[in-house]
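Participant: Sequence and predicted structure are below.
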Amino acid sequence: MSDITGAKGIVRAFHTALDSAPLDGITQALSDHCSSNYRWRGYHPFNELTGPAQVADTFWRPLRRSLTHMQRREDIFFAGVNSLAEDSSVWVVSMGHLMGLFDEPWLEIVPTRKITSLRYCEFSRVDQGQIIESAMYFDIPHLMIQAGLAPFPGQTGAHLVQPGPQPHNGLLLDPQNPDEGRRTLDLINRMISDLGQWNSGLSLRDELAQTWAEDMLWWGPAGIGATYTIDRYMEQHSAPFRAGFAERSKTQHVCRLAEGHFGGFFGWPNFTARPTGGFMGYPGGSEAGEFRVIDIYRRDHDKLAENWVFIDLPHFWKSQGYDILGSALGMAPSRQ
């Protein structure tokens, strides 16, 4: 428990220093809280970076220069021991939006000078008082849509600036009952066992109903969208996704943990699959591609009630020959 509490304090101190640092102080903020060989895994086109200076120069400083007066609007914060590691490593999870005024170009996206939010979720491993590695996934296509671009042909769910947990209880700043975390992790593991291989022998609806609440909320990434209730989740994501892919590999995660009623995981990648055609409006392909995914869950009693999903769709579609960022940037933004 003390390791988890201490790790939370280290990450919160890091976020405070990073968010308040001037542009020329960002490298120092990372150096003060992260190891010299800090490993940072990020969304395409950033991918994997090493060391505080490279992370500052490549990601944080350009983003802060573009989203002026940026503030972290955190919805979920929890920590725990990685259930997949033998070394009892402690990870801290932060999820929310980075909001600012989009005043300068970022990744060649034309600024709007309006409020803009970048969805993010960050897993950070803490050891001996430092952040050793992070996985930070974010939703660049969602930001592009806010800037008037159309990165994808269409989506089956709804496009929203996504809220935090329905009970507004996602910031676990204080120690939690370990039994509640175990129940949450147990449920997530059962869900993965049910759904992870697409071969349970049950109907899709019966599969989902074993671990998901009837009024589940699935907060998917831009390009797929959000959906509500088991039946609409089946219609607007799960069934089209399964129909659009074959040769799905086994699930493989780097980290999986839970605390209280919240839990989640990430992979690098989580799995591979080959598109057979029709998903997100794209044709099929002959090669499998990687799905880098972060999933965050809220448990309500004995069912999963909400799921926030970050999928590096530009990375996947790039492996299929589609440059999502470049293609969208080649279009004239639609202005109201």
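Facilitator: Right, received. Where do you want to start?
Participant: The residue lying closest to residue 260 once chain neighbours are set aside and residue 269, how far apart?
Facilitator: With CB to CB, 6 or more residues apart in numbering as the criterion, residue 260 has its nearest non-adjacent residue at 3.8 Å, and that residue is residue 176. Any C-beta I mention is one placed from the backbone N, CA and C, and that applies to glycine too. Counting by CB to CB, to the nearest Å, the gap from residue 176 to residue 269 is 30 Å.
Participant: Let me see the ranges of the strands in the stretch 151-300 of the chain.
Facilitator: 212-219, 226-228, 245-246, 255-259, 262-266, 271-275, 289-291, 293-300 (DSSP state E, counting those that start in this stretch).
Participant: Show me what the second one is packed up against.
Facilitator: Counting contacts by 3 or more CB pairs under 8 Å, 6 or more residues apart in numbering; DSSP states H and E, strand 226-228 packs against strand 212-219.
Participant: Could you list the residues in contact with the strand it packs on?
Facilitator: Contacts to strand 212-219, defined as CB atoms under 8 Å, 6 or more residues apart in numbering, come from residues 157, 160, 162, 166, 191, 208, 226-230, 233, 237, 300, 303-309.
Participant: So which of those residues belong to helices?
Facilitator: 191, 208, 230, 233 (DSSP state H).
Participant: Tally up the residues packed near the last one, please.
Facilitator: Which is residue 233. Taking other CB atoms under 10 Å as the criterion, the count of residues near residue 233 is 23.
Participant: what does the third one give?
Facilitator: Residues within reach of residue 230, counting by other CB under 10 Å, total 20.
Participant: my read: it touches residue 209, true?
Facilitator: Yes. Applying CB atoms under 8 Å, one finds residue 230 in contact with residue 209, separated by 6.3 Å.
Participant: helix or strand for residue 54, which one?
Facilitator: Assigned by DSSP states H and E, residue 54 falls within helix 52-55.
Participant: Residues contacting that helix, please?
Facilitator: Contacts for helix 52-55 (CB under 8 Å, 6+ apart): 27, 30, 31, 34, 36, 38, 40, 49.
Participant: now stretch 97-117
Facilitator: Contacts for stretch 97-117 (CB under 8 Å, 6+ apart): 45, 62-73, 75, 118-120, 138, 140, 142-144, 146-149, 161, 325, 329, 333.
Participant: Could you give the separation of it from the chain centroid?
Facilitator: Here stretch 97-117 is found 19 Å from its chain centre; the criterion is CA atoms, centre = their mean, to the nearest Å.
Participant: Any idea how many residues pack against the closest residue in space to residue 111 that isn't next to it in sequence?
Facilitator: Of all residues not flanking residue 111 in the chain, residue 102 sits nearest, at 4.5 Å (CB to CB, 6+ apart). Residue 102 has 23 neighbours, counted by other CB under 10 Å.
Participant: cool, and residue 289?
Facilitator: 18.
Participant: And for residue 110?
Facilitator: 13.
Participant: what does residue 99 give?
Facilitator: Neighbour tally, residue 99, other CB under 10 Å: 17.
Participant: what lines up beside the helix or strand hosting it in the sheet?
Facilitator: Using DSSP H and E, residue 99 sits within strand 90-102. Strand 90-102 sits in its sheet next to strand 67-81 (antiparallel), strand 115-127 (antiparallel), going by DSSP bridges.
Participant: Quick check: buried residues in the longest one?
Facilitator: Neighbour-count burial for strand 67-81, counted by 16 or more other CB atoms under 10 Å, picks out 67, 70, 74, 75, 76, 77, 78, 79, 80, 81.
Participant: relative orientation of the helix or strand residue 135 falls within and strand 293-300 in degrees?
Facilitator: Following DSSP H and E, one finds residue 135 within strand 130-138. Per axes from the mean of the first three to the mean of the last three CA atoms, to 10 degrees, the angle that strand 130-138 makes with strand 293-300 is 90 degrees.
Participant: Mind listing what's buried along strand 130-138?
Facilitator: 131, 132, 133, 134, 135, 136, 137, 138.
Participant: do stretch 81-99 as well
Facilitator: By neighbour count on 16+ other CB under 10 Å, the buried set for stretch 81-99 is 81-83, 89-99.
Participant: And the furthest pair within these?
Facilitator: Farthest pair in the buried residues of stretch 81-99 (CB to CB) is 83 and 99. Separation: 32.3 Å.
Participant: which non-adjacent residue is nearest residue 142?
Facilitator: residue 222 (3.9 Å).
Participant: Could you double-check that the one you found sits in contact with residue 139?
Facilitator: Yes. Here residue 222 reaches residue 139: they are 5.6 Å apart, a contact under CB under 8 Å.
Participant: picking that back up, work out the sheet partners of the strand holding residue 135 and label each with its direction, please.
Facilitator: Counting by DSSP bridges, the strands paired with strand 130-138 are strand 34-42 (parallel), strand 115-127 (antiparallel).
Participant: That's all I had, so thanks and see you.
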